[in-house]
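>>> Quick one, fold the following:
(one chain, ligands or ions: 1)
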Amino acid sequence: MSELTRMGAADLAQAIRSGAVSSVEVTQAHLNRIYDVDTGVHAFLHVSGEVALEAARAADARRSAGESASSLDGVPVAVKDVFTTAGIPTTCGSRILEGWVPPYDATVVSRLRKAGLPILGKTNMDEFAMGSSTEHSGYGPTRNPWDLERIPGGSGGGSAAAVAAGEAPLAVGTDTGGSIRQPGAVTGTVGVKPTYGGVSRYGLVALASSLDQAGPVARTVLDAALLHEVIGGHDPLDSTSIDRPLPPVVEAVRNADLSGLRVGVVKELGGEGYQSGVLARFDDAVKLMIEAGAEVVEVSCPHFVYGLAAYYLILPSEASSNLARFDAMRYGLRVLPEGVDAPSAEQVMNATREAGFGPEVKRRIILGTYALSSGYYDAYYGQAQKVRTLIARDFTAAFEKADVLVSPTAPTTAFKIGEKLDDPLAMYLNDIATVPASLAGVPGISLPSGLADEDGLPAGLQVLAPAMADDRLYRVGGALETMLQERWAGPLLDRVPKLEVRT
Ligand code: GLN
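Residues are numbered from 1 along each chain as shown. Model (predicted):
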C-alpha cells in the first residue's frame with residue numbers, strides 16, 4: 001500500500017497545499033489501491049476514475065495559481081450510491097435502478113465538487129439503505145477489510161470498508177437508523193450522523209424522510225469534521241434543512257478537552273445482549289474520560305427499549321410510500337410480464353418491482369403498507385409515533401443531567417457473512433444502540449474504542465449530543481481519539497491486515 005493511501009485527509013490536504021504532492025498523485029494512488037484490492041473488498045459499485053482525475057487536475061491548477069477551493073481541495077472522496085451524481089450511475093444498491101444515470105447532483109455532491117474533492121466512485125450499500133451488513137445489496141456484499149469473511153456493517157458498508165482499506169481517505173454516507181455509525185464501529189473508522197436537518201437531503205434517494213441524514217466517514221475525528229463543514233449547512237432545496245449556522249465542528253476538534261464535561265452513560269444501552277469485548281472497550285473509554293477530568297454519571301432513558309420496535313414500524317411506513325416512485329415508468333429497469341400480449345401499466349409495474357426489488361425491500365414495503373392501512377394505522381404507525389415522542393423526551397431529560405451521552409455503537413463486532421442474513425430480527429438487533437438518536441433527530445459519532453479481546457476486531461463507541469450541538473461530538477471524539485491512540489500505540493487502522501493485491 002502506498003504511503004499516500006494510509007494518510008488521513010487533513011494530512012493529505014496539507015501535503016497538497018504545500019506542494020509536496022499533487023492532487024493527481026493522491027487521486028491516482030487511491031484509484032490504484034481500488035484496482036489492487038477491490039476485487040476482494042467490493043466496496044465500490046462504480047469507479048469514476050476519469051471524473052476524479054479531471055477534478056484533481058483542476059485542484060492542481062488552482063494550487064499553481066495560488067488559489068484554493070476549500071480546506072480539503074484536491075483530497076479524493078468516495079460517495080455512497082444513494083446520492084444522485086450527474087453523469088455517474090446511481091443504483092442505491094438495487095437492480096431496479098441498474099444503469100440509471102441521474103441528470104443532477106445531490107447538494108452534498110455539488111458541495112463536494114465545488115470544494116474541489118475528486119469523486120473516486122460510488123460505494124456499495126444494502127438495497128435502498130435497508131440493512132446492517134451490506135449483504136442486501138443487489139450487487140453482492142462488501143467484505144470487511146479486517147477479515148474478508150465478515151460483514152462491514154450496513155447499510156453504508158461500502159463507504160466504511162473503502163476508508164478502512166485505504167481505497168479512499170474520506171467517504172460520505174447516510175444514516176437513517178445507524179448506517180454511518182454501525183459500519184464505522186465494525187470497521188474501525190469514524191462515522192458521524194449530524195443533527196437531522198444539518199446536512200441537505202436534496203438528491204439523496206429517500207428511504208425514510210423523517211430519519212435520513214447524510215454525514216462523513218473518515219479515518220480520524222478531525223477528517224470527519226473537515227468533511228462535515230464541506231457538506232453541512234443550510235440548503236434552500238431541502239425544506240427540512242436547518243436555517244442556522246453549522247456548529248463549529250473543526251474548531252471543536254482542535255480544542256478537544258474533557259475537563260468539567262458531564263458524560264452520561266445510558267443504562268439501557270449496554271449489558272445483556274452486548275458482546276463482552278465490546279463492553280470492555282467501552283468501560284476502558286469511560287475510565288479514560290474520567291482520568292481526563294470528565295464527570296461521569298449514569299442516566300436512564302426508559303423508553304429506549306421500545307426504540308427498535310418503533311423504528312421498524314416508522315421506517316417501513318415511510319419507505320413503502322417513498323419507494324412507490326419506482327414504477328417502471330420513470331427510471332431504470334422495466335420488465336414486461338411474460339406471456340401477456342398488451343400488458344397494462346399495472347402489470348408492467350408488478351413485473352418490474354417483482355424482478356427489481358430484493359427480499360428485504362419487499363418485506364419492508366409490505367410491512368409498511370400494512371402499518372399504514374386504515375384499520376391498523378392507529379395501532380401501529382400511530383403508536384410508534386407516540387413512542388418516538390417518548391424517546392425524544394428521554395433525551396431531553398438526560399441532557400439536563402449530562403452534556404453528552406455515551407454507549408457502545410453496536411452490540412457486537414463484525415459478524416460472519418451469511419450469519420444473520422436469513423433472520424431479519426437478528427439483523428435488526430444490530431441497530432439497538434443507534435436508532436434512538438435517529439428517532440429523536442439528535443447527532444451522534446462512532447469512533448473506534450479498541451479491539452475486542454475475543455476476536456481482535458474493532459469495537460465502536462458512540463457519543464450523542466443535543467440537536468445542533470454537533471460540535472460536542474467532535475470535542476469529545478477528538479479528546480478520546482488522542483487518548484485511545486496512546487493506549488493502542490497508534491491508529492487502529494494501521495492494524496488492518498495486509499490485503500491481497502491483484503497481480
Ligand atoms: N440498519 C438499519 C436499517 O436496516 C439502518 C439503515 C440506515 O441507517 N440506512 O434500517
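>>> Give me the distance from stretch 378-389 to the chain's centre.
Computed by C-alpha atoms, centre = their mean, to the nearest Å, the chain-centroid distance of stretch 378-389 equals 26 Å.
>>> Now for the protein, the helix or strand with the poorest mean pLDDT.
Ranked by mean pLDDT, DSSP states H and E, the weakest helix or strand in the chain is helix 424-428, scoring a mean of 94.
>>> What residues of that helix count as buried?
Neighbour-count burial for helix 424-428, counted by 16 or more other C-beta atoms under 10 Å, picks out 424, 427-428. Any C-beta I mention is one placed from the backbone N, CA and C, and that applies to glycine too.
>>> from those, which is closest to residue 398?
residue 428 (23.7 Å; C-beta to C-beta).
>>> Next up, the contacts around the closest one.
Contacts here follow C-beta atoms under 8 Å, 6 or more residues apart in numbering; on that basis residue 428 touches 132, 308, 312.
>>> and the residue lying closest to the first one once chain neighbours are set aside, how many neighbours?
Read it as residue 132. Nearest residue to residue 132 in three dimensions, chain neighbours excluded: residue 430, at 4.0 Å (C-beta to C-beta, 6 or more residues apart in numbering). Residue 430 has 26 neighbours, counted by other C-beta atoms under 10 Å.
>>> you'd agree residue 430 is up against residue 409?
No. Contact criterion C-beta atoms under 8 Å: residue 430 and residue 409 do not qualify, at 9.8 Å.
>>> Overlap of the contact sets of those two?
178, 182.
>>> Counting neighbours, what do you get for the closest residue to residue 151 other than its chain neighbours?
Excluding the flanking residues, the one nearest residue 151 by C-beta to C-beta, 6+ apart is residue 133, at 3.9 Å. Neighbourhood size, residue 133 [other C-beta under 10 Å]: 30.
>>> Residue 133 belongs to a strand, doesn't it?
No. Counting by DSSP: H, G, I helix; E, B strand; the rest coil, one finds residue 133 to be coil, located in no strand.
>>> ok, now which ones touch residue 426?
Contacts of residue 426 by C-beta under 8 Å, 6+ apart are residue 420.
>>> same question, residue 242
195, 197-198, 234, 468.
>>> next one: stretch 272-288 to chain centre, how far?
22 Å.
>>> Please identify the residue most distant from the middle of this structure.
residue 341 (45.0 Å; C-alpha atoms, centre = their mean).
>>> returning to what we had before: and the residue nearest to residue 132, helix, strand or coil?
helix.
>>> Let me know the pLDDT of it.
Note for residue 430: predicted pLDDT of 95.
>>> Quick check: it vs the ligand, distance?
Relative to the ligand, residue 430 is positioned 6 Å away (C-beta to the nearest ligand atom, to the nearest Å).
>>> Also residue 111?
21 Å.
>>> same deal with residue 455?
Taken as C-beta to the nearest ligand atom, the span from residue 455 to the ligand is 21 Å.
>>> hmm, back to that, closest to residue 251 out of the contacts of residue 428?
residue 132 (33.2 Å).
>>> list the contacts for that closest one?
126, 151, 153-155, 178-179, 182, 427-428, 430-431.
>>> Kindly indicate which of those lies nearest the ligand.
Closest approach to the ligand among the contacts of residue 132 (C-beta to the nearest ligand atom): residue 179, at 3.0 Å.
>>> Can you tell me the SS state at the closest one?
Once three-state DSSP is applied, residue 179 turns out coil.
>>> right, and it touches residue 158 too?
No. Counting by C-beta under 8 Å, residue 179 sits too far from residue 158 to count as a contact (10.7 Å).
>>> joint contacts of those two?
Contacts common to residue 179 and residue 158, judged by C-beta under 8 Å, 6+ apart, are residue 125.
>>> Find the residue closest to residue 27 in space, skipping its chain neighbours.
Going by C-beta to C-beta, 6+ apart, residue 27 has residue 56 as its nearest residue, at 4.0 Å.
>>> burial measure for that neighbour, as a count.
26.
>>> continuing past the helix or strand harbouring it, what's the next helix or strand?
Per DSSP states H and E: residue 56 is located in helix 49-64. Using DSSP H and E, the helix or strand that directly follows helix 49-64 along the chain is strand 77-80.
>>> Return the set of buried residues in the next helix or strand after that following strand.
Using DSSP H and E, the next helix or strand after strand 77-80 towards the C-terminus is helix 107-114. By 16+ other C-beta under 10 Å, the buried positions in helix 107-114 come out as 107-113.
>>> that older thread, how about the least confident helix or strand of the chain as PDB, C-alpha atoms only?
Written as PDB, here are the backbone C-alpha positions of helix 424-428 (Å, rounded to 0.1, in the frame of the first residue of the first chain):
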ATOM      1  CA  PRO A 424     -34.300 -10.400   9.900                       C
ATOM      2  CA  LEU A 425     -34.900  -9.800  13.600                       C
ATOM      3  CA  ALA A 426     -31.300 -10.800  14.400                       C
ATOM      4  CA  MET A 427     -30.200  -8.300  11.700                       C
ATOM      5  CA  TYR A 428     -32.400  -5.600  13.200                       C
END
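>>> That helix vs the ligand: in contact?
No. Judged by C-beta under 6 Å from any ligand atom, helix 424-428 stays clear of the ligand, getting no closer than 6.8 Å.
>>> Residues of the stretch 351-500 of the chain that sit close to the ligand?
Going by C-beta under 6 Å from any ligand atom, the residues of the stretch 351-500 of the chain near the ligand are residue 431.
>>> can you do 8 Å?
360, 427-428, 430-431, 434-435, 438 (C-beta under 8 Å from any ligand atom).
>>> before we move on, what about the stretch 201-350 of the chain?
Going by C-beta under 8 Å from any ligand atom, the residues of the stretch 201-350 of the chain near the ligand are 207-208, 211-212, 311-312, 315.
>>> can you tell me which of those residues are in helices?
311-312, 315 (DSSP state H).
>>> Rebuild these as JSON lines, extending it with neighbour count.
Below are these laid out as JSON lines (neighbours: other C-beta atoms under 10 Å):
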{"residue": "311", "neighbour count": "27"}
{"residue": "312", "neighbour count": "21"}
{"residue": "315", "neighbour count": "28"}
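>>> Now tabulate those residues in CSV and tack on pLDDT and distance to residue 117.
CSV is the format used below for these (pLDDT from 0 to 100; distance: C-beta to C-beta, whole Å):
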residue, pLDDT, distance to residue 117
311, 98, 32
312, 97, 35
315, 98, 30
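>>> Could I get the contacting residues of the nearest residue to residue 358 once chain neighbours are set aside?
Once flanking residues are discounted, residue 358 sits nearest to residue 127: 5.0 Å by C-beta to C-beta, 6+ apart. Applying C-beta under 8 Å, 6+ apart to residue 127 gives the contacts 92-94, 136-138, 357-358, 360-361.
>>> Quick one: mean pLDDT for stretch 4-13?
Mean predicted confidence for stretch 4-13 is 98.
>>> My read is that residue 305 contacts residue 268, right?
Yes. Residue 305 is in contact with residue 268 according to C-beta under 8 Å; the separation is 5.8 Å.
>>> Nice, that's everything, thank you.
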